[in-house]
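Engineer: 3D, please:
(chains A and B)
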Amino acid sequence: MEYEVIVGLETHAELATVTKLFCGCSTKFGSEPNTQVCPVCLGMPGVLPVMNKKAFEYALKAAIALNCKIDEFTNFDRKSYYYPDLPKNYQISQNYYNLGVDGYMDICVHDRINRVRIHNVHLEEEAGKLIHPEEAGADYSLVDFNRAGVPLLEIVSYPDMRNVDEVESYMQTLRKILLYTEVSDCKMQEGSLRFEASISLRKKGAEKLGNRVEIKNLNSMKSVLKAIEYETKRQADSLDQGETVDRETRLWDEVNEKSARMRSKEEAQDYRYFPEPDLLPVVVDGKWLDEVKVTIPELPLARKQRFIEVFKLSDYDTSLLVEEKILADFFEDCIKIVDRPKVFCNWITNDLLREVNERKLDIHHLPIRPYQLAALVEIIEKGAISSTIAREVFSEMVQTGEAPQAIIEEKKLAQISDEGLIEAVIVKVISGNPAVIEDYKKGKKNALTFLVGQVMKETKGKANPKMVNELLQRKIDA
Amino acid sequence: MKIGKKDIEYIAHLSRIELSETEKETFVCQLSDILSYIEKLNRLNTEAVKPMSCTVNATNVLRDDILESSLSLEEAQFNAPATKGVFFKVPKVIE
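Structural biologist: Predicted structure coming up:
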C-alpha cells in the first residue's frame, strides 16, 4: 500500500535575553549548576513572577516575523504536572490565549516556494535540566535549575509537510528567521533550539489522517529527519499488517536509531490549565506593535530573492550569502562602496567563508571589515596587483586587519608594470631556456606559456601578466 | 453536581496525596456540597460577559532585562530534602 506521510513540527527556542522570564537570574549557559537560581525560579512559596519585557518583545517579534495575527490582549496560564525538573509543579505557559495565531512561513523546496501554516506562537518558561547518573543501579536523578525559568518560545506548525525535504527546509528556514531577528542563538548543541515532530500516515488519495504519533528527544535536525523516516516505515508496516497505529508519544533513541513508546506518558495527561493568577494580562497596543515591527530586518527568503533580482546572482551564490545575516550584511556593505556584486560574492563565498570555516569562528571575530575588502577589490580592478597576489594580501588582511594598500607596500607586492624591469627578466629567462625557445620556433606554441610562467616566478608573481605576454612574444618573434 | 469516589481518587492522584477510605468519603460529601453551591452561578446569564482571569484592574506589569543577584549554592540547597554535590537529588526519573 502506498501512504502519504503528514508531518507537523513543534519548535522550542530559548530566547536570547540576559535574564530569565520571571526573575533577574542569569540565563547564561554552562555555568556551575544551581548558581543561577532564586526563590522565584526555584518555586518557593510566596514569590511572585514579573514578566521580562524583552522576552515578551522577542516573542512578539518572532510571531510577527512568522506572519501571525497578534491579538491586542494576551494572558498566561498554568499548566500543572509533577516532574522533578519543574520546581513549582506547574509551568507558566499559554493555553487560552496565544501571543500569535494563524501565521505562516514560506519555505523553499527544490526551487519551489511552499507555505507552511503556523498554528500558534506562544511564550512559556523553560524547565530545569535532569541528569541521569551513569553508575549502574543508581536510584536517583540529579537536577540543575539554572535553566528553569529561561524564556522559551514555542512555535507550533500545522501538519503541512509531506516529506523530509520539506521538514528540513522548514527547520532551516525557521532557524534562519530566529537568527535574523536575533531572538535566539539557536544553538542546538546547547538545547536552545529543539524540535518535536508529529507524524501520521494516510493512504494515498484518502482524506482522513491516521493516528498522530509524537516523537520527542530529537537532538539535531538530522535526528528529526531520521526519526521521520523510521516512523514512516514503522507505521506503514503496522498498517500493511492490518494493525492500527496508536496515538502516543515516542522517544527517539539516537544510538539505535529507533523510536520507543514513552512510559511516563502512557496515561492521559491532565494539565488542568487555568489563567495564571500571579501575572497580569499584557495588552499590545498599535504603538508598541509598530515599535517591535521596525526592529524586524528583511528576512532571509526575501533577501535572497532581492539579491537574485537586483544583483543578478545565482540561486546557489545567494543561498550561501543569506545563510547568515552577518554574511549578507557584509556583502551589502561592500557593494555600497564598490558596485561589483559578483566580484564581492566570489570573495565572500569562497575566500572569506573558507577563512571563517578554517578558524571555526564567526565573521565578526575576524578583523577584516567590508571597507577593507572593497579597497582590495578597487586595487585589483585598477590592475595594481594580480589575482594571485590579491589572495596573499587578503589572507594577510584576515589575520591582521590591516588595510590592503599598507600590506602591499610593506611586503612590496605591487604589480611590476615597468617595461624595462620586465624586459630585463625576460632576457634572463630566454637566455636560460634555449631549448624551449627552439621548441617555440618549431611551432610548439604552448612553450610560450612555460616562459611566461618562468617570468612570473622570477618576479614572485608580481609582473603584470598581460605585459609579460606581449613583451615576451615580441622578444622571441623579433 | 455529584462527585463520586472515583473523582476524589483521581484528584488525589493528580495532587499526589494519599487519602484513607474515611477521608475519601468525607471529601465526596464536602466537594459535592461546594460544587452544588457554586453551581448557583449557572443560573446567571453571562453571555455578554468576558471571562475574567484577574481581579486587579491593571495590565503590562513588566520588568527590564537587567541582571539581579541569585542565591548562593548553599542558600539554594538549604531547604532541599536531598542534594548531591552541586545538584538537587530526586528519586530516579524513568523515561
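
Engineer: Get me the contact residues on the stretch 201-350 of chain A for chain B.
Structural biologist: A:251, A:262-264, A:270, A:272, A:275-277, A:279-283 (CB under 8 Å from any CB of the partner chain). The way it works is simple: take the backbone N, C-alpha and C, and place the C-beta from them, glycine included.

Engineer: Which two of those have the greatest separation?
Structural biologist: Spatial extent of these (CB to CB) is set by the pair A:263 and A:283 at 42.7 Å.

Engineer: For the residue lying closest to residue A:110 once chain neighbours are set aside, pull up the helix or strand it's in.
Structural biologist: With sequence-adjacent residues excluded and distances taken as CB to CB, 6 or more residues apart in numbering or on different chains, residue A:110 is closest to residue A:165, at 7.0 Å. Using DSSP states H and E, residue A:165 sits in helix A:164-180.

Engineer: What of residue A:142?
Structural biologist: Residue A:142 belongs to strand A:140-144, assigned by DSSP H and E.

Engineer: count of residues packed around residue A:341?
Structural biologist: Residue A:341 has 19 neighbours, counted by other CB atoms under 10 Å in any protein chain shown.

Engineer: how much space between the closest residue to it other than its chain neighbours and residue A:322?
Structural biologist: Spatially, and ignoring its direct neighbours in sequence, residue A:341 is nearest to residue A:311 (3.7 Å; CB to CB, 6+ apart). Here residue A:311 is placed at a distance of 12 Å from residue A:322 (CB to CB, to the nearest Å).

Engineer: Tell me which residues of the lengthiest helix in chain B come out buried.
Structural biologist: Assignment by DSSP state H gives helix B:21-39 as the longest helix of chain B. Of all the residues in helix B:21-39, those buried under the rule 16 or more other CB atoms under 10 Å in any protein chain shown are B:27, B:28, B:31, B:32.

Engineer: which outside residues touch it?
Structural biologist: The contact list for helix B:21-39 (CB atoms under 8 Å, 6 or more residues apart in numbering or on different chains) reads B:1, B:2, B:3, B:4, B:5, B:7, B:8, B:9, B:12, B:19.

Engineer: if we can go back for a sec, so which of the residues of the stretch 201-350 of chain A next to chain B are in helices?
Structural biologist: Using DSSP H, none of those sit in helices.

Engineer: Return the residues of chain B in contact with chain A.
Structural biologist: So chain B meets chain A at B:14, B:16, B:51, B:53-54, B:56, B:58-73, B:76-77, B:79, B:82, B:84, B:86-95 (CB under 8 Å from any CB).

Engineer: name the element residue A:123 belongs to?
Structural biologist: strand A:112-125.

Engineer: buried ones in that strand?
Structural biologist: Buried-residue list, strand A:112-125, by 16+ other CB under 10 Å: A:114, A:116, A:118, A:119, A:120, A:121, A:122, A:123, A:124, A:125.

Engineer: could you point out which element follows that strand?
Structural biologist: Next element after strand A:112-125 (DSSP H and E): strand A:129-131.

Engineer: by contact count, what packs against whichever helix or strand residue A:431 is part of?
Structural biologist: Residue A:431 is part of helix A:419-432, with elements assigned from DSSP H and E. If contacts are counted by 3 or more CB pairs under 8 Å, 6 or more residues apart in numbering or on different chains; DSSP states H and E, helix A:419-432 sits against helix A:447-458, helix A:465-477.

Engineer: what about that helix, average pLDDT?
Structural biologist: In this model, helix A:419-432 has a mean pLDDT of 86.

Engineer: neighbouring contacts of it?
Structural biologist: Contacts for helix A:419-432 (CB under 8 Å, 6+ apart): A:416, A:437, A:451, A:454-455, A:458-459, A:463-464, A:467-468, A:471-472, A:475-476.

Engineer: what angle do that helix and helix A:465-477 make?
Structural biologist: Angle of helix A:419-432 versus helix A:465-477, following axes from the mean of the first three to the mean of the last three CA atoms, to 10 degrees, is 50 degrees.

Engineer: Check the burial of residue 62 by counting its neighbours.
Structural biologist: Went with chain A since none was named. 26.

Engineer: nope, chain B
Structural biologist: Neighbours of residue B:62 under the rule other CB under 10 Å: 16.

Engineer: Closest to residue A:347 out of the buried residues of helix B:21-39?
Structural biologist: For the buried residues of helix B:21-39, the nearest to residue A:347 is residue B:31 (73.9 Å; CB to CB).

Engineer: For that closest one, give me the pLDDT.
Structural biologist: Looking at residue B:31, the pLDDT reads 94.

Engineer: Residue A:370 contacts residue A:326, doesn't it?
Structural biologist: No. Judged on CB atoms under 8 Å, residue A:370 makes no contact with residue A:326 at a distance of 10.8 Å.
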